[in-house]
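**Q** With the input below, show me the fold.
(one chain, ligands or ions: 1)
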Amino acid sequence: MKRLILLVFSAFFCAYSHSANVSVRLVLKNGVLEFNDGSSVSYKIFTSSPTFAKNSDLLIFNLGDVITLKVVNATSENHGFTIDGVLNLGVISPNDSVQQTFTSPTIGVYRFFDPLNFPYNEYLGLSGVMHIKAINDVTPYFYWDLREHQLSWNTSILLGNSPVLNNYEPFYFTINGNSEPDINLDTIARVIGNVGSEVRVIIVNNGLSIHSMHFHGYHAFLLKNSKNIAHEGREKDTFPVYPKEYVVLSFVPDKPGEYPVHDHNLVAVTGGGIYHAGMFTTLLIAP
Ligand SMILES: [Cu+2]
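**A** Below is the predicted model:
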C-alpha cells in the first residue's frame, strides 16, 4: 500500500513538475494571403504575431498545462472561437476579447475554429491546430495544415454571400499557408530528419476538399486517424484526410535522401494552374 501511494505520488509529482501555466493571446485579424504568382485573397487568422502571418498559430501544449487563452477580435464583425470538444468562448464582439483558463485535455490533436457563419469563417482562415503532447515526448513532430482557396469565394463571402459548395473550384492549395517552394522554408512543415530516428507528421485538413498525401521514399504507420479508427496501425504511403479530420503518421527513415511528398489529388499540386506550385514538399533525410 505504501509503495502504491509512493508510486501515485511520484507519478503526480512527475507530471506536475513538468506541466506549466501558459498564457496565449490570439488576435483575430484581417489581412491578405499572397500566393507565389502574385495573386492574393482577403484572409483572416487567429495569431499571436504582430504582423499578418500566413496561417493561424499552431498551439502546442504539454499534458497537464494550465492554459489561459485570450482571443481578441480586431475585426468589425462578430466572431467566435471553439476548440473542438474542449471549449467554446461564445460570440466575441468587434474590438472585444474573451478569456478562459482551462487544463489541457488528453493527449491528441484538436482543431480550433470560428463556428460562426459555418463553413465560411473557417474557410477564410479562421481555423487551426492544437496539439497536446505527453510531457516526456521528445519525438520530432511536423505539422501540415491543408487548405484550398478559390479567389471568387473570398470576395463573395466578404460581401455577405454564401457560395455553393457544388460550385467550389479552388485554384490555390496551401500547407500552413505556403505553397511549393515556400513550404520547404517552413520549419513546422518541412520534414528534416536522420536515418534511424522516428519522425511524426500530423496532417490536419482545414479545407473543404479531400486531400490525400502521397509519400515517396518511405512508408509511414498510421498512428491516429480521426475519421477511420479501424485504419490505425496500417503501414502505407498514401493517406487520405477528409475535411475537418486529421491523421498522425510515424516513420523511421531507412535510407538517406530527398523524397517528394504531394497531394495525390493532382490538381492540388498546382497553384494558379502552375505545376507544382501547390501541395508539394520534400522529405530531407540525412545519413
Ligand atoms: Cu507521388
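
**Q** pLDDT value on His18, please?
**A** On pLDDT, His18 comes in at 74.

**Q** Burial check on it, number of neighbours?
**A** By the criterion of other CB atoms under 10 Å, His18 has 14 neighbours. Every C-beta, even on glycine, is put in place using the N, C-alpha and C of the backbone.

**Q** for the one 5 residues further on, same thing?
**A** Applying other CB under 10 Å, we find 11 other residues in the vicinity of Ser23.

**Q** before we move on, what about the one 10 residues further on?
**A** In terms of burial, Leu33 registers 23 neighbours under the definition other CB under 10 Å.

**Q** what separates it from Glu235, distance-wise?
**A** For Leu33, the distance to Glu235 (CB to CB, to the nearest Å) stands at 35 Å.

**Q** Gly272 now?
**A** Shown here: Gly272 relative to Glu235, a distance of 35 Å by CB to CB.

**Q** Compare neighbour counts for the two and give me the winner.
**A** Neighbour tally, Gly272 and Glu235, criterion other CB under 10 Å: the higher count belongs to Gly272, 16 against 11.

**Q** Name the nearest residue to the more buried one, ignoring sequence neighbours.
**A** Asp37 (4.1 Å; CB to CB, 6 or more residues apart in numbering).

**Q** quick one, what contacts that neighbour?
**A** Taking CB atoms under 8 Å, 6 or more residues apart in numbering, we find Asp37 in contact with 271-272, 274, 277.

**Q** Break this structure down into its structural domains.
**A** When the chain is parsed with automatic domain parsing, its domains come out as 21-137, 143-286.

**Q** Switch the ones you listed over to a markdown table, and while doing so, append mean pLDDT to every line.
**A** Converted to a markdown table, the domains of the chain look like this (pLDDT from 0 to 100):
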| stretch | mean pLDDT |
| --- | --- |
| domain 21-137 | 97 |
| domain 143-286 | 97 |
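
**Q** ok, now which ones touch Ile83?
**A** Contacts for Ile83 (CB under 8 Å, 6+ apart) come out as 110-112, 130.

**Q** Including secondary structure, neighbour count and distance to Ile183, could the residues you listed go into JSON lines?
**A** Output for the contacts of Ile83, formatted as JSON lines (DSSP: H, G, I helix; E, B strand; the rest coil; neighbours: other CB atoms under 10 Å; distance: CB to CB, whole Å):
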{"residue": "Tyr110", "secondary structure": "strand", "neighbour count": "22", "distance to Ile183": "23"}
{"residue": "Arg111", "secondary structure": "strand", "neighbour count": "22", "distance to Ile183": "21"}
{"residue": "Phe112", "secondary structure": "strand", "neighbour count": "26", "distance to Ile183": "22"}
{"residue": "Met130", "secondary structure": "strand", "neighbour count": "23", "distance to Ile183": "21"}
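
**Q** and which of those residues is nearest to Val191?
**A** Closest to Val191 out of the contacts of Ile83 is Met130 (20.7 Å), distances taken as CB to CB.
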